[in-house]
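1. with the sequence up front, the predicted model follows.
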Amino acid sequence: MEKVIFKITAFTILFAASLSSCKKGSDNNLDPNTKLLIQQDWKLSKIEEKINADPYTDHFPSLPPCTQDDKYLFKTDNTYQLNEGNTKCSASDPDIISTGTWQFTSNETKIKIDANEFAIDQLDNNTLIISRNYFSNPDTEYYRYTFVH
């Protein structure tokens, strides 16, 4: 169990260090997916994991409340910010947790966040679902992240 929590925490930090953005400016020339991505803040609502053919397990409820309300902001200049939500884990924590870059790849079926590439399972006005898998002999681990506004 400690191994799973460590992996989730490590992956959440890795993911967080690779996701967010700001808005506005003239977005009339932006493609539809970029408009959907940058229209407003995203908030993580599920972190699911499964191994091989096992069912997915949602680890989001085990995250501390100060992490559950963080906001992911994608910007038109292909940068992102991960910002503290209303609850900080420590009063001295900065408002901006991390920043980095993002870009669509593979005809906008994937998104690369810093050095990590995720499949886009769903992107619409209300939901962003991205996923990734890893092969760790002899298992394949699957991760799926759901974001909402």
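-> Received it, and whenever you're ready, just let me know what you need. Numbers count the residues shown, from 1 in each chain.
2. show me where this structure has its helices.
-> Assigned helices in the chain, in chain order: 2-16, 32-38, 65-68 (criterion: DSSP state H).
3. worst mean pLDDT among those?
-> Mean pLDDT is lowest for helix 2-16 out of those, coming in at a mean of 51.
4. how about stretch 60-79: buried residues?
-> 60, 63, 67, 70-76 (16 or more other CB atoms under 10 Å). Heads up, the C-betas are built off the backbone N, CA and C, glycines and all.
5. of those residues, closest to L36?
-> Of all the buried residues of stretch 60-79, F74 has the smallest distance to L36: 9.6 Å, by CB to CB.
6. test my guess that the closest one contacts L36.
-> No. F74 is beyond contact range of L36, at 9.6 Å (criterion: CB atoms under 8 Å).
7. quick one: low-confidence ranges for the chain?
-> 1-27 (pLDDT under 70).
8. alpha carbons of stretch 95-104, as PDB, please.
-> The C-alpha trace of stretch 95-104 is given here as PDB (Å, rounded to 0.1, in the frame of the first residue of the first chain):
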ATOM      1  CA  ASP A  95       0.300  30.700  -4.700                       C
ATOM      2  CA  ILE A  96       1.900  29.300  -7.800                       C
ATOM      3  CA  ILE A  97       3.000  25.700  -7.200                       C
ATOM      4  CA  SER A  98       4.600  25.000 -10.600                       C
ATOM      5  CA  THR A  99       4.800  26.200 -14.200                       C
ATOM      6  CA  GLY A 100       5.800  24.600 -17.400                       C
ATOM      7  CA  THR A 101       4.900  24.000 -21.000                       C
ATOM      8  CA  TRP A 102       2.200  22.100 -22.900                       C
ATOM      9  CA  GLN A 103       1.400  21.300 -26.500                       C
ATOM     10  CA  PHE A 104      -1.000  19.100 -28.400                       C
END
